[in-house]
Structure formats: structure tokens, C-alpha cells
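Peer 1: okay, sequence plus prediction incoming.
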Amino acid sequence: GENVEQHPSTLSVQEGDSAVIKCTYSDSASNYFPWYKQELGKRPQLIIDIRSNVGEKKDQRIAVTLNKTAKHFSLHITETQPEDSAVYFCAALGGGTYKYIFGTGTRLKVLA
Amino acid sequence: SQTIHQWPATLVQPVGSPLSLECTVEGTSNPNLYWYRQAAGRGLQLLFYSVGIGQISSEVPQNLSASRPQDRQFILSSKKLLLSDSGFYLCAWSPSPETEAFFGQGTRLTVV
């Protein structure tokens, strides 16, 4: 677990387009990769997660892909809608640490 | 089912005053507990985490302290608040460091 780099910090897309957010981690022992969505003034909530024994996971318009060799994972949102506008956080966890540390966040704006 | 309670929701405190934020979890035992701070428009900074009663790990040297007097109770304190302590404070719990974290509603603290 621990340090995760997240890019981009802000992302604006037109409604209906796709959005991709990428996170890179350094600890090869990481084995759990969650994504959280935080709407303005609200608490973060899990939207999708993936474990290291899986390369891709999909839930309707949201998908996460994991490349263990390159140590990066990405969040894909297709057919974006205005309600997708929020801040998204990733994390890379496991390896025996109890720290639950998040990436720096991506502010997604979906333009109508 | 498990629930997390955090209070108060908002707080305005003068510089130099003490602080006590409380978080309790229901419906589970021996949760991992976390305190985060989020400055306006910024990421989730891990302040403290606890894996058991009386076991507190501090991530960032600061004007704050944490305590876990009971299994499902996590308290964030300060003896003298600074202006820089203003922010959105979030408590969270997880069954293990490799599973979903559940956040409280947050406390918006303004130090004046």
C-alpha cells in the first residue's frame, strides 16, 4: 500500500464522452484497488474496486482496469452524465500495512 | 448492519480553543478506524489510524491528537486550535485494510 500518484488533477468532458483517470502505485505487494467518489460537501463512497487477481471489472458505465506489471490502474466512465461530476479518489492497499491512503484526487466536470 | 456516526456536522471555534470530535461505529467489532482532514478543494489527508483500543498511529505531526477509549469509539482532539486546523474532518472505518472503507458524514470545522 501507501503512495499512489493520481492523474489528472482536473478533467472536463462533454456529456456523453468518456473519462479516464489513472493511478500509479509503487508497492508491488498492493493487492486491493478501490475507487471512491465524493460529491460536493459529501462523504466519499466506494464506486468500484478490483483485486490483484483480476485484470478488469465492470459495473454498468464504470470500469476499472489493472496492470500489475506496470503498477497502474485506471477508472473508466463511459457515457458521462452531469451527475458524474465529483472528485474521484483511488487507493492501492495491501502488503501488510494498515494505512488507508488515497491518491490526490481528480475533479471531474461533465459539461452539459 | 454497520453504521458510523460522526458529530457535530459543523463547528465554528475561536483560535486557541479546544476541540473534541467524536466518531462511533455500530454493528461490528474491532474495526480499523481512521481520521482524515480535507482542506477546501484538496485531497484526503490521513491524520491518525487505529487497529485496536489504545493503539493510535499518527501520520502527520500537528496540533491534533487522537484516542480510542473503546473498541468502536474514536476521538480527535486539540488543546488549542490554530487557523490552519480549519477543514473538513472525516472519520472512517474498515473491517480490514484491504476492504472498503466507510466514512462518517464529516465535520466542517472553521477556526476563526
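Peer 2: In hand now; what should we look at?
Peer 1: what stretches of chain B score poorly on pLDDT?
Peer 2: Judged against pLDDT under 70, the low-scoring parts of chain B cover residues B:61.
Peer 1: quick one: terminal-to-terminal distance for stretch B:74-90?
Peer 2: Start to finish, the residues bounding stretch B:74-90 are 11 Å apart (CA to CA, to the nearest Å).
Peer 1: chain center to it, what's the gap?
Peer 2: Going by CA atoms, centre = their mean, to the nearest Å, the spacing between the C-alpha centre of stretch B:74-90 and its chain's C-alpha centre is 9 Å.
Peer 1: ok, stretch B:14-33 next?
Peer 2: With CA atoms, centre = their mean, you get 5 Å for stretch B:14-33.
Peer 1: same thing with stretch B:64-84?
Peer 2: Taking CA atoms, centre = their mean, one finds the center of stretch B:64-84 at 7 Å from the center of the full chain.
Peer 1: buried sites along it?
Peer 2: Using 16 or more other CB atoms under 10 Å in any protein chain shown as the test for burial, stretch B:64-84 gives B:64, B:66-68, B:72, B:74-76, B:78, B:81. Using the backbone N, CA and C atoms, a C-beta is placed for each residue, glycine as well.
Peer 1: tell me which two in these are the farthest apart.
Peer 2: For the buried residues of stretch B:64-84, the farthest-apart pair by CB to CB is B:72 and B:81; their separation is 26.2 Å.
Peer 1: ok, so of the buried residues of stretch B:64-84, who is nearest residue A:47?
Peer 2: Distance to residue A:47, by CB to CB, is smallest for residue B:74 among the buried residues of stretch B:64-84, at 24.8 Å.
Peer 1: list the contacts for that closest one?
Peer 2: If you count contacts by CB atoms under 8 Å, 6 or more residues apart in numbering or on different chains, residue B:74 has them with B:22-24, B:33, B:35, B:50, B:66-68, B:91.
Peer 1: try residue B:106
Peer 2: Taking CB under 8 Å, 6+ apart as the test, what residue B:106 contacts is A:42-43, B:6, B:9, B:88-90.
Peer 1: same question for residue A:71.
Peer 2: Neighbour list for residue A:71: A:24-26, A:28, A:30 [criterion: CB under 8 Å, 6+ apart].
Peer 1: what packs against the top strand by length along chain A?
Peer 2: In chain A, assigned by DSSP state E, the strand with the most residues is strand A:30-38. Contacting strand A:30-38 under the criterion 3 or more CB pairs under 8 Å, 6 or more residues apart in numbering or on different chains; DSSP states H and E are the following elements: strand A:45-51, strand A:62-67, strand A:86-90, strand A:93-94.
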